[in-house]
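Asks: following is a predicted model, sequence given first.
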2 protein chains.
Amino acid sequence: MRGEEVYRALFNPRTIAVAGASNNPNKLGYSVFENLLKYPHGRVYPINPRETTVQGRRAYSSIRELPDSIDLAVVTVPREHVARVVEEAAEKGAKAAVVITAGFSETGGEGARLERELVEKARGFGVRLVGPNCVGVMNVHAGLNATFIKTPPPGPTALLSQSGALAAGLIYMMEEGGGGLSKFVSLGNMADLGFEELLPHLARDPQVASIGLYVEGVRRGREFLKALGEASKEKPTIVLKGGRTPKGARAASSHTGSLAGEYRVFQAAVRQARAFIVEDVRELLSTTSAFSQPLPRGGRVAVLTNAGGPGVLTVDELSRRGLEVPSLTPFTQEALRAFLPPAASVANPVDMVASARGEDYRRAASLLLRDPNIDILVAVSVVPTFAGITGEEHARGIMEAVRGEEGAGKPVIALFMGGRVAEGARRILVEAGIPVYETPREAAAAAWALAWRAGALEGRGVG
Amino acid sequence: MRGEEVYRALFNPRTIAVAGASNNPNKLGYSVFENLLKYPHGRVYPINPRETTVQGRRAYSSIRELPDSIDLAVVTVPREHVARVVEEAAEKGAKAAVVITAGFSETGGEGARLERELVEKARGFGVRLVGPNCVGVMNVHAGLNATFIKTPPPGPTALLSQSGALAAGLIYMMEEGGGGLSKFVSLGNMADLGFEELLPHLARDPQVASIGLYVEGVRRGREFLKALGEASKEKPTIVLKGGRTPKGARAASSHTGSLAGEYRVFQAAVRQARAFIVEDVRELLSTTSAFSQPLPRGGRVAVLTNAGGPGVLTVDELSRRGLEVPSLTPFTQEALRAFLPPAASVANPVDMVASARGEDYRRAASLLLRDPNIDILVAVSVVPTFAGITGEEHARGIMEAVRGEEGAGKPVIALFMGGRVAEGARRILVEAGIPVYETPREAAAAAWALAWRAGALEGRGVG
């Protein structure tokens, strides 16, 4: 990319033209324009030759007519008009175009021809393309949603995806916990911009703590791995590969036209690049969202819980990943004993039993964060629905402990079981930037990722 | 157990006494009584010497005063009164008592002594005990909730758990998809009834399609494995073990006092008994809930999707478990081609692309269920939030296809991605008895479990 210009145009544009903005809720151009109207940092112009206004804004019949230069064009017009729209955008100074329109190389034949023509034209005018056949881009922290899907909560994770729909699914899952989103690019057919071009910029972006990638196939393997290795030096990058099996690879090839190659080779190369490789969407979310937390100084974990069984399973999952669950100092044990009920256990896991209130979580979590034997805290709650105790108070207790002990610089991971019952608690934690999971496996995967990234597990368990 | 009598008293009692029923919402006896008041098939009496009414019902100062004989006593009174209450219940004809009260052997010392005394007394009177230190029992299909947690949707799964809190977490997760609950016993300290006594009855119960077990340690290994093997002949039984690692086992021993033993030995023995062994709570839910479906005749799966990426990942997860994703018959392919848009793929996976409506799901699912090359259908939707398409219409389309093609007797598994956005769709599917999951891994695990149970994967991939 031409320096930072294209990156700025994509994520912090001052002026945006939406070609295909619509008044018809059944059109993608409706949802895209609706989402963009909420962008607080720039002007957004609807382009639609058949309307005088779109969603209350004056419509322009073409980009040429705009009173302004533009940074970014977002394109949802039929495929045969896309190249012309990009040309007009270039004339108005656009540095980038997000082409949501489908029907290009993924359909072969005429679509493939139109895509080649589009890329040539864009190159000639110096406009970089995202897509075509994509969901769009987001910069959640800036309030920019240039897609037709809903905006997730802001968070630490940047996402680059070769499948727009999978990304949509992941982004909707983020609302339930497991972090939130920073920047997102749906790469679509990768006719122009791909992983290699975007990774270096995301790696340097201060609003990005981790980078998740959904890859079906790469165009230039060597460049991809180089970019991945470079990015991994700056930020944890986490790769989920579609098409790991021969049958899956065949499905991927008919989906994005990518050649998948041998998975083992890919996997080894990704590890060589010091990136994470995961095999499941939940693992992708657990790992990316962990990095809202500081890196630990070691791999020693304290488990705090109100429920024995989930505490046991969490210890199992931590142990089999090579993390330690050590004894607490006598000081911590005594201090816990002083306010916990007799039925509680002050070994590690600390089992406060089902009567634990928010204040117990606050005091216990503070003590564990101060314990010199402990590098990471996993706070577990099976959200109670009885005795007037709420998951929200547990969440607040943990949040207050984290704020009080921020100086300790230790990562905190929450595990709240309870489906819909735990929703309020999860929201509190996500807003406080504490990653929250629903199962012992996911919480342990997050703790492992932090410890591995910190270099605390050299030569030990690969999750 | 004495024939079926105890089982009937636990799950279909005609008269229940709740010792410790309370007007104070901060007491467990409040929630337990509140839940039991909704039981439509019997009389429920509150026992509380300090109240004249409890939640609007006339209170009795002791079980002795009841005008009725009772089948079941549910006990939440302080531990020192439990033995006396059980004695009174026996005098009134109770066959079983669910002792929710904690503070027994799990606390050692005096608690352990009280537990021994309680068991002796109950034996003497011929009353069988669940607990103590447990969450209670449920028979969801009959509207019986003798616990202090919320009632989940009815479904195929029976659950026996040594951790009440873990069970609560699992039960709350069931609301979000992954099936629903049939019968539940929180075993607590297993002072009397344990896995061995309950398994034979659940295995014969026509309202139970699968049995999930959370085990921290068993009292009599040989009897446990024998009961597991016998039960597995009748119904799929699925075991999740807590305390698989030395550290986890230590935590389990301080939780339930169980000796965990060597996990590999346990795992091998469970497999020998032809039961499933799983290692994660989601896997437990995916596997148990699959069995609302008929068993397939083979391991050949059709994947139907509106989204390429999730389709690819689903094929990967199916393939690596030894399931086949074969070509469809030319007839099916032509019939699909006739109504799907040109961008759609009619290979397997069938990718209907993002414009797919509910009617498309109905027609395509019907065709796939009729295809002689196909034994199992996995229907995938990334729930759209644009163009006026809803997840609910996708769910209804699948449901209608299943009803129309019931004669085919083929299992259907749904994979709906989208967090909260997919909630309405999931509810429709759960109510229609179609198991629904949120990730390719979970859906594939369910398909694998069905095929394995059907004997379609002999000698091939163990999930």
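Replies: Arrived safely. Quick caveat: nothing in here was measured; it's all calculated off a predicted structure.
Asks: and for A:A454, the neighbour number?
Replies: Residues contacting A:A454 under the criterion other Cβ atoms under 10 Å in any protein chain shown number 17. For the C-beta atoms, the positions are set from N, CA and C on the backbone; glycine is no exception.
Asks: now it: how far from chain B?
Replies: A:A454 is 21 Å from chain B, where distance means Cβ to the nearest Cβ, to the nearest Å.
Asks: what's the distance between that residue and B:A251?
Replies: 24 Å (Cβ to Cβ, to the nearest Å).
Asks: how far away is the closest residue to A:T147 other than its chain neighbours from chain B?
Replies: Once flanking residues are discounted, A:T147 sits nearest to A:G136: 3.3 Å by Cβ to Cβ, 6 or more residues apart in numbering or on different chains. In this view, A:G136 and chain B are 11 Å apart by Cβ to the nearest Cβ.
Asks: A:G136 touches A:I100, doesn't it?
Replies: Yes. Contact criterion Cβ atoms under 8 Å: A:G136 and A:I100 qualify, at 5.6 Å.
Asks: now do the shared contacts for these two.
Replies: Contact criterion Cβ atoms under 8 Å, 6 or more residues apart in numbering or on different chains; residues shared by A:G136 and A:I100: A:V32, A:V74, A:T147, A:F148.
Asks: ramachandran coordinates for the residue nearest to A:T147?
Replies: Main-chain torsions, A:G136, degrees, to the nearest 10: phi 120, psi -160.
Asks: got the contact list for it?
Replies: So A:G136 contacts A:V32, A:V74, A:V98, A:I100, A:V130, A:N145, A:A146, A:T147, A:F148, A:I149, A:G164, A:S186 (Cβ under 8 Å, 6+ apart).
Asks: A:T287 now?
Replies: A:S210, A:G212, A:P236, A:I238, A:F276, A:V278, A:A445, A:A446, A:A449.
Asks: just say helix, strand or coil for it.
Replies: Of the three states, A:T287 takes helix under DSSP: H, G, I helix; E, B strand; the rest coil.
Asks: distance check, it against chain B.
Replies: In terms of Cβ to the nearest Cβ, A:T287 sits 14 Å off from chain B.
Asks: cool, A:M417 as well?
Replies: Applying Cβ to the nearest Cβ, the value for A:M417 to chain B is 3 Å.
Asks: for that residue, which non-adjacent residue is closest in space?
Replies: Nearest one to A:M417, counting by Cβ to Cβ, 6+ apart, is B:G169 at 3.1 Å.
Asks: SS state for that neighbour?
Replies: Following three-state DSSP, we place B:G169 in the helix state.
Asks: B:V281 is in contact with that one, correct?
Replies: Yes. The criterion here is Cβ under 8 Å, and B:G169 meets it with B:V281 at 7.2 Å.
Asks: the two: who's more crowded?
Replies: Taking other Cβ under 10 Å, B:G169 and B:V281 do not tie; B:G169 has more neighbours (30 against 24).
Asks: show me what contacts the more buried one?
Replies: B:G169 neighbours (Cβ under 8 Å, 6+ apart): A:A307, A:P310, A:V382, A:M417, A:G418, B:V281.
Asks: and for B:G169 and B:V281, which residues touch both?
Replies: The contact lists of B:G169 and B:V281 share A:M417, where a contact means Cβ under 8 Å, 6+ apart.
Asks: kindly check the end-to-end length of stretch A:173-182 for me.
Replies: Counting by Cα to Cα, to the nearest Å, you get 15 Å between the two ends of stretch A:173-182.
Asks: find the residue at the geometric middle of chain A.
Replies: The residue lying closest to the centre of chain A (Cα atoms, centre = their mean) is A:T157, at 3.5 Å.
Asks: that residue against A:S182, yeah?
Replies: Yes. Using Cβ under 8 Å, A:T157 is in contact with A:S182, at 5.8 Å.
Asks: need the overlap of contacts for the two.
Replies: Joint contacts of A:T157 and A:S182 (Cβ under 8 Å, 6+ apart) are A:V208, A:A209.
Asks: what about the residue of the stretch 301-450 of chain A found nearest chain B, distance to A:V380?
Replies: Going by Cβ to the nearest Cβ, chain B is nearest to A:G309 of the stretch 301-450 of chain A, at 2.4 Å. Per Cβ to Cβ, A:G309 is found 10 Å from A:V380.
Asks: same check, this time on A:P13
Replies: Taking Cβ to Cβ, one finds A:P13 at 43 Å from A:V380.
Asks: ditto for A:S69
Replies: On the measure of Cβ to Cβ, A:S69 and A:V380 end up 54 Å apart.
Asks: when those two are compared, which one has more neighbours?
Replies: A:V380 (29 against 11).
Asks: following the host helix or strand of the more buried one, which helix or strand comes up?
Replies: Take DSSP states H and E as the rule and A:V380 turns out to sit in strand A:376-382. Tracing the chain C-terminally past strand A:376-382 and defining elements by DSSP H and E, one meets helix A:391-404 next.
Asks: only alpha carbons, please: show that next one as CSV.
Replies: Provided in CSV are the C-alpha atoms of helix A:391-404 (Å, rounded to 0.1, in the frame of the first residue of the first chain):
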residue,chain,number,x,y,z
GLY,A,391,-23.8,-12.8,38.3
GLU,A,392,-23.6,-9.1,37.8
GLU,A,393,-22.3,-8.6,41.4
HIS,A,394,-19.7,-11.3,40.7
ALA,A,395,-18.6,-9.5,37.5
ARG,A,396,-18.4,-6.2,39.4
GLY,A,397,-16.4,-7.7,42.2
ILE,A,398,-13.8,-9.0,39.7
MET,A,399,-13.8,-5.7,37.8
GLU,A,400,-13.1,-3.7,41.0
ALA,A,401,-10.3,-6.1,42.1
VAL,A,402,-8.7,-5.7,38.6
ARG,A,403,-8.9,-1.9,38.9
GLY,A,404,-7.6,-1.9,42.4
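Asks: other SSEs contacting it?
Replies: Counting contacts by 3 or more Cβ pairs under 8 Å, 6 or more residues apart in numbering or on different chains; DSSP states H and E, helix A:391-404 packs against helix A:358-370, strand A:376-382, strand A:412-417, helix A:423-431.
Asks: adjacent strands (with direction) for the host helix or strand of A:I211?
Replies: Following DSSP H and E, one finds A:I211 within strand A:210-215. In the sheet, strand A:210-215 lines up against strand A:154-161 (parallel), strand A:237-241 (parallel) (DSSP bridges).
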